[in-house]
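Visitor: Any chance you can model this:
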Amino acid sequence: MKIAFLQILPGKDLGENLTIGQNACREAKEKGADIALFPEMWSDGYSLPQEDGEIQKLAIDKESDFINAFRDLAKELEMAIGITFLEANDPRPLNSVVIFDRLGNEILHYSKVHICAFDDEKVLDSGEDFYTADLDFGRGTVKIGSMICFDREFSESARILMLKGAELILAPNACPMEINRLAALRSRAYENMVAVATCNYPEGQPDCNGHSTLFDGVPWLPDEPGVRDMCVMEAPGAPGVYIAELDLDILRTHRKNDVMGDKYRHPDKYKILLDEKESGSLSQKGAGEEGKAGEEGEEKAEKSYISSVFPKAQKENGAFGRKYHKRLLQQLSLDYNCTPDDLTAHENIITVSEMRDGRRIYSRGKPFLQMVTIGGNTVIMADECLHDFLKGFVRNVKGHHLFEFDYLTKLNEELKKYGYQMNPTHHMFLPSHSVRVEEKYPVKWFYDNEIDRFYGDKRFPNAISFPEPCPVRPDRIVVTAVEGDTIMGMTGCSEDAPHWQQIGIDVMPEYRSKGIGTYLVSLLTNRVLEMGDVPFYGTAAANTPSQNIALNCGFRPAWVETEAVKIES
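Guide: Model prediction:
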């Protein structure tokens, strides 16, 4: 595949950077590129004002016109684009990259974990994890990941991406690429058997000097004596669009046959990496607020590494959890016809029943009543005929108490007047951290239409739609644990809303209490996370075995909901 390094100078504002960037992408396409990569934080030319409030003025949303212009351009050119930007975020912006494939689909969104909190980047927040995705570039598919600039100095960054299957790491950059930093990139490629493509700003940009590079991660070839230089390309310092070709065949042959990467690791010997206490002079920070900021940034990065790589590290990664909490509020606001702020208000909220685009659909037509709490207030979406009753029902009651038996019974009596009754409550879980899974059982994966063979099988009422497929909640992925030709357990996910994958699990009675459920759910959860989608898990209040599977797989309780259903005659 051909990679274009857009080693270009930024303009004076967002509009100029859009035009310059679009022109560079068109040049990359003319030169035969399969993907074009920008240098770090292209949207504002890596500008980091330190005055209060100024950095927020430069930050843009991931769904902004600027970002969507590159989405459209990727589709127009049939070329993947990695666009970098200062991302709007509360309380502080993020240093981010989004990868669009040649069809204009967003396949990866990453925010820099190891921010330079000792310097100007102290005005930013750090990202919470490292991600991979499959990039279809037309002539093949490659598993990609991303790290940004200072991430390179931490071997954990590339190691996590390797463990998640990355073959190519895309690394936007904004700093002088001198011999030691180049050596770090070479080392990340060598030790992980991955290709590393770094795009830097050229000479003329403050504190930058070009020298974008591609290291292909292959230090020797099986049929050739001696070693080879892994540096496929090193650009000069001048501005330009530089092309380098990555030979995926020789990389994959090397990964299959060589000894680096994950083949001879001993994670059980790395226990010091689990110790969050500082020790030794190298971990001591300088005095003053900048030192404290740097310490906080490194602590976040360390916790992200711990929770991503080591299965025993079950402590919740705060930033990881916050990301999914934010996405939860956005999704529930569609489901319950409210705003995200309504879900965290001090008072209970009543809204009119509507079928908003993007909501999860579990009933035909508009719901008569459904209610949700994330632990504070309650939001109830209901037919307007119920609103007068509901205003009195929720008055002076703490929101989560409305899910207690006495209140649900009272609500049930009112619903009977209209031919409805309350369903049991659904206890819903979101991921709080990712879990590394060691191979335990043979598995088989099935996608989309491949799942059709299992519909109607009474053994799998929870893993997939039963007894037939559900068009509004299509099953997307199934993974089974097998013993010969026997299926021991199955987990599957259905796309209940765009990019929201609900996970279900069925383990055959004779194979229970062997860890199969936890193993399968962990595998599928990690696959969904790699896709950039949200995995979620639901269970009944009294189903403690199912709840334990969720907890063991890195989930945490996130919300409770229930709804009214028509009384069957």
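Visitor: and stretch 123-143, average pLDDT?
Guide: Mean pLDDT, stretch 123-143: 93.
Visitor: Look at it and report the distance between its end residues.
Guide: By C-alpha to C-alpha, to the nearest Å, the extent of stretch 123-143 from end to end equals 32 Å.
Visitor: In it, which residues are buried?
Guide: 123-133, 135, 137, 142-143 (16 or more other C-beta atoms under 10 Å). Backbone N, C-alpha and C define where each C-beta goes, glycine included.
Visitor: Likewise for stretch 392-409?
Guide: Quick answer for stretch 392-409 (16+ other C-beta under 10 Å): Phe393, Val394, Gly399, Leu402, Phe403, Leu408.
Visitor: Contacts for that stretch next, please.
Guide: Contacting residues not belonging to stretch 392-409 are listed as 348, 350, 371, 373, 375-378, 380, 410-411, 414, 422, 425, 560, 562 [C-beta atoms under 8 Å, 6 or more residues apart in numbering].
Visitor: Looking at the buried residues of stretch 392-409, which one is closest to Leu9?
Guide: Distance to Leu9 across the buried residues of stretch 392-409 (C-beta to C-beta) is lowest for Gly399, with 53.4 Å.
Visitor: if I look at the closest one, how far off is Pro172?
Guide: For Gly399, the distance to Pro172 (C-beta to C-beta, to the nearest Å) stands at 43 Å.
Visitor: which stretches of this structure have low pLDDT?
Guide: 274-321 (pLDDT under 70).
Visitor: Domain ranges for it, per the record?
Guide: 2-266, 271-315, 319-429, 434-553 (automatic domain parsing).
Visitor: okay if I get the ones you listed as CSV plus distance to Glu568?
Guide: Shown next, in CSV, are the domains of the chain (distance: least, C-beta to C-beta, whole Å):
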stretch, distance to Glu568
domain 2-266, 42
domain 271-315, 43
domain 319-429, 10
domain 434-553, 18
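Visitor: Strands along the stretch 151-300 of the chain, start to end?
Guide: 168-172, 195-199, 213-215, 231-234, 240-245 (DSSP state E, counting those that start in this stretch).
Visitor: What is the burial count for Lys442?
Guide: No, residue 442 isn't Lys; it's Pro. Neighbours of Pro442 under the rule other C-beta atoms under 10 Å: 11.
Visitor: Chain neighbours aside, what residue packs nearest to it?
Guide: Excluding the flanking residues, the one nearest Pro442 by C-beta to C-beta, 6 or more residues apart in numbering is Val482, at 5.3 Å.
Visitor: Ok, Asp125 next?
Guide: Nearest to Asp125 is Arg92, by C-beta to C-beta, 6+ apart, at 4.3 Å.
Visitor: Equivalent analysis for Ala166, please.
Guide: Gly145 (3.8 Å).
Visitor: so that neighbour sits in a helix?
Guide: No - per DSSP: H, G, I helix; E, B strand; the rest coil, Gly145 lies outside any helix segment and is strand.
Visitor: show me the contacts for it.
Guide: For Gly145, counting by C-beta under 8 Å, 6+ apart, the contacting residues are Leu108, Tyr110, Phe130, Tyr131, Thr132, Ala133, Leu161, Lys164, Ala166, Leu168, Ile169, Leu170.
Visitor: let's go with 10 Å and repeat that
Guide: 99, 108, 110, 130-133, 157-158, 160-162, 164-171, 194, 530 (C-beta atoms under 10 Å, 6 or more residues apart in numbering).
Visitor: next one: Gly515
Guide: Lys440, Tyr441, Ala481, Gly489, Val507, Ser522, Ile549, Asn552 are the contacts of Gly515 under C-beta under 10 Å, 6+ apart.
Visitor: Let's see that with 8 Å instead.
Guide: Lys440.
Visitor: again with Tyr201
Guide: Gln7, Ile8, Leu9, Pro10, Pro39, Glu40, Tyr46, Asn173, Ala174, Cys208, Gly210.
Visitor: Closest one of the residues you listed to Phe389?
Guide: Glu40 (56.2 Å).
Visitor: what's the neighbour count on that closest one?
Guide: 26.
Visitor: element containing it?
Guide: Secondary structure assignment for Glu40, by DSSP states H and E: no helix or strand.
Visitor: Surely it and Cys149 touch.
Guide: Yes - if you go by C-beta atoms under 8 Å, Glu40 and Cys149 touch, sitting 5.3 Å apart.
Visitor: what do the two both touch?
Guide: Common neighbours of Glu40 and Cys149 (C-beta under 8 Å, 6+ apart) are Pro172, Asn173, Ala174.
Visitor: Not counting residues beside it along the chain, what's closest to the first one?
Guide: Meaning Pro172. Per C-beta to C-beta, 6+ apart, closest to Pro172 is Glu40, 4.2 Å.
Visitor: again with Pro176
Guide: Using C-beta to C-beta, 6+ apart, the nearest residue to Pro176 is Asn209, at 5.0 Å.
Visitor: so who does the one you found touch?
Guide: Pro176, Met177, Glu178, Asn200, Pro202, Glu203, Gly237.
Visitor: now the shared contacts of Glu40 and Cys149 as CSV including neighbour count?
Guide: Compiled in CSV, the shared contacts of Glu40 and Cys149 are given as follows (neighbours: other C-beta atoms under 10 Å):
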residue, neighbour count
Pro172, 31
Asn173, 29
Ala174, 24
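Visitor: Out of the residues you listed, which is nearest to Pro219?
Guide: Once C-beta to C-beta is applied, the member of the shared contacts of Glu40 and Cys149 that ends up nearest Pro219 is Asn173, at 22.5 Å.
Visitor: show me where the stretch 1-150 of the chain has strands.
Guide: Going by DSSP E, counting those that start in this stretch, the stretch 1-150 of the chain shows strands at 2-7, 35-37, 80-87, 94-100, 106-111, 132-136, 141-146.
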